[in-house]
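A.B. asks: 3D model of this:
(one chain, ligands or ions: 1)
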Amino acid sequence: MANNDQTKPELRTRSSLKEIQGIPLLEPIVTNWDRVEKFKAFPEDLLIATYPKAGTTWTQEIVDLILNHGDADQARRAPTHVRMPFLEMTAPNPTLSGITQLEKMGPPRVIKTHLPIQLVPKTFWDAGCKIIYVARNAKDNVVSYFHFDRMNLVQPEPGPWPQYLHKFMKGQLGWGSWYEHVKGYWRERENKPILYLFFEDMKKDPAKEIRRISEFLGQNTSDQLIDNIMQMTTFAAMRENPMANYSTIPETIFDRQASEFLRKGEVGDWKNHFSSQENKVFEEHYNTMMADVDIPFCFSV
Ligand code: A3P
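C.D. replies: Residues are numbered from 1 along each chain as shown. Just a heads-up that it's a prediction; the model follows:
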């Protein structure tokens, strides 16, 4: 890792989890939940919804570039979380909450959320807002979340990997059950204005997925522009872009000695983390949990 400074950053107090309608969320989010409930969406707002670590930041960057016609300077006007605020996030400082930022912005706003579909404020449905949902295969998703919880000192302490995996399977991590999350949006994708994407498709054929996003947003994006956006949103390009790699978040919150935000960006990294026994138990449980739905997840490319 590039940082040779062995001094640990001053540790923040990690948040605990509390519940809203049975969904575990960071305690400050629960404390300030009435602000989420009372939020007013504009019809032009776009919501990017994901389970944590499914490719939110990547999708945000693609969307911002599409809406700005590939203008790289414009997309570098501010860090990701300022350009496209995180709806429910109030930690670590409620005065910097996503909603406080959003209230100062006019339409159209691009808004990030990790809320499961049943907790998305009604205003988004009433206003007819478009939603882009990104899903990532469960095994890579939990690995990415584990490393993120090691580095994000606002998140609950992840503890050892085997216990962490168990908590994921039980739906006990922040934002709840991955299984219910991906199923919730999947079931509504034909009744509501939802574009349902997969991280693995974005890896396999980014140009195709960028075009799908562009069409969903009603934008007429040329092949040349799609190609430019694809180049600007590769893992390598985003990792070098201070406005897309969360390097503006202080070390007291993101401990980069523990892990980078843009860590690997691969499909199949789970193979480096799951023991064969863990994989067996996980798959049995997965098959039970996903038996009632046929979502075409892909675990390697
Ligand atoms: P890894 O931890 O597997 O590397 P989110 O933005 O939802 O928090 O998701 C973060 C995950 O998406 C991280 O996964 C990160 O590396 C990956 N990611 C971000 N930008 C990416 C890109 N341009 N290409 C591929 N993966 C990307």
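A.B. asks: wait, a helix at F148?
C.D. replies: Yes. Counting by DSSP: H, G, I helix; E, B strand; the rest coil, F148 is located in a helix.
A.B. asks: if I pick it, what's in contact with it?
C.D. replies: Contacts of F148 were listed using CB atoms under 8 Å, 6 or more residues apart in numbering, and they are 52-53, 155, 259, 261, 263. (C-beta placed from N, C-alpha, C; glycine too.)
A.B. asks: which of those lies closest to the ligand?
C.D. replies: R263 (3.4 Å; CB to the nearest ligand atom).
A.B. asks: ok, that closest one touching H147?
C.D. replies: Yes. Assessed by CB atoms under 8 Å, R263 is found in contact with H147 at 5.5 Å.
A.B. asks: give me the more crowded residue out of the two.
C.D. replies: Neighbours per residue, other CB atoms under 10 Å: of R263 and H147, the larger number sits with H147, 20 against 16.
A.B. asks: take the contacts of F148 and lay them out in TSV including distance to W175 and pLDDT.
C.D. replies: Shown next, in TSV, are the contacts of F148 (distance: CB to CB, whole Å; pLDDT from 0 to 100):
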residue	distance to W175	pLDDT
P52	6	98
K53	10	98
Q155	11	96
S259	19	96
F261	17	97
R263	19	98
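A.B. asks: check which helix or strand the closest residue to the ligand within the stretch 201-301 of the chain maps to.
C.D. replies: In the stretch 201-301 of the chain, the residue that lies nearest the ligand is G265 (2.8 Å; CB to the nearest ligand atom). Per DSSP states H and E: G265 is located in neither a helix nor a strand.
A.B. asks: how many neighbours does it have?
C.D. replies: Around G265 there are 17 residues (other CB under 10 Å).
A.B. asks: quick one: it from T233, how far?
C.D. replies: Here G265 is placed at a distance of 11 Å from T233 (CB to CB, to the nearest Å).
A.B. asks: please enumerate the shared neighbours of these two.
C.D. replies: With CB under 8 Å, 6+ apart as the test, G265 and T233 both reach W58.
A.B. asks: ok, L87 to I213 distance?
C.D. replies: With CB to CB as the criterion, L87 and I213 are 19 Å apart.
A.B. asks: ok, those two, which is more surrounded?
C.D. replies: Using other CB under 10 Å as the criterion, L87 and I213 rank with L87 on top: 27 against 24.
A.B. asks: list the contacts of that one.
C.D. replies: So L87 contacts 36, 39, 47, 98-99, 102, 111-113, 115 (CB under 8 Å, 6+ apart).
A.B. asks: out of these, which are inside strands?
C.D. replies: 47, 111-113 (DSSP state E).
A.B. asks: so what pLDDT did the residue of the stretch 201-301 of the chain closest to the ligand get?
C.D. replies: For G265, the pLDDT comes out at 98.
A.B. asks: quick check: closest non-adjacent residue to it.
C.D. replies: Residue nearest to G265 in three dimensions, not counting chain neighbours: F235, with 3.7 Å by CB to CB, 6 or more residues apart in numbering.
A.B. asks: which one (most neighbours) among the contacts of L87?
C.D. replies: I111 (26 neighbours).
A.B. asks: isn't it right next to H81, touching?
C.D. replies: No. Contact criterion CB under 8 Å: I111 and H81 do not qualify, at 11.1 Å.
A.B. asks: can you list residues touching both of those two?
C.D. replies: Overlap of the contact sets of I111 and H81 (by CB under 8 Å, 6+ apart) consists of G98.
A.B. asks: helices and strands around the strand or helix carrying A237, which ones?
C.D. replies: Assessed by DSSP H and E, A237 sits inside helix 235-240. In terms of contacts (3 or more CB pairs under 8 Å, 6 or more residues apart in numbering; DSSP states H and E), helix 235-240 is packed against helix 56-67.
A.B. asks: what about the helix it packs on, distance to the chain center?
C.D. replies: On the basis of CA atoms, centre = their mean, to the nearest Å, helix 56-67 sits 12 Å off its chain's mean C-alpha point.
A.B. asks: same check on stretch 130-145?
C.D. replies: Taking mean C-alpha positions (CA atoms, centre = their mean), stretch 130-145 and its chain are 7 Å apart.
A.B. asks: straight-line length of that stretch, end to end?
C.D. replies: Length of stretch 130-145, first residue to last, CA to CA, to the nearest Å: 26 Å.
A.B. asks: kindly report the residues of the stretch 1-150 of the chain close to the ligand.
C.D. replies: 50, 53-58, 140, 144, 147 (CB under 6 Å from any ligand atom).
A.B. asks: thanks again, I'm all set now.
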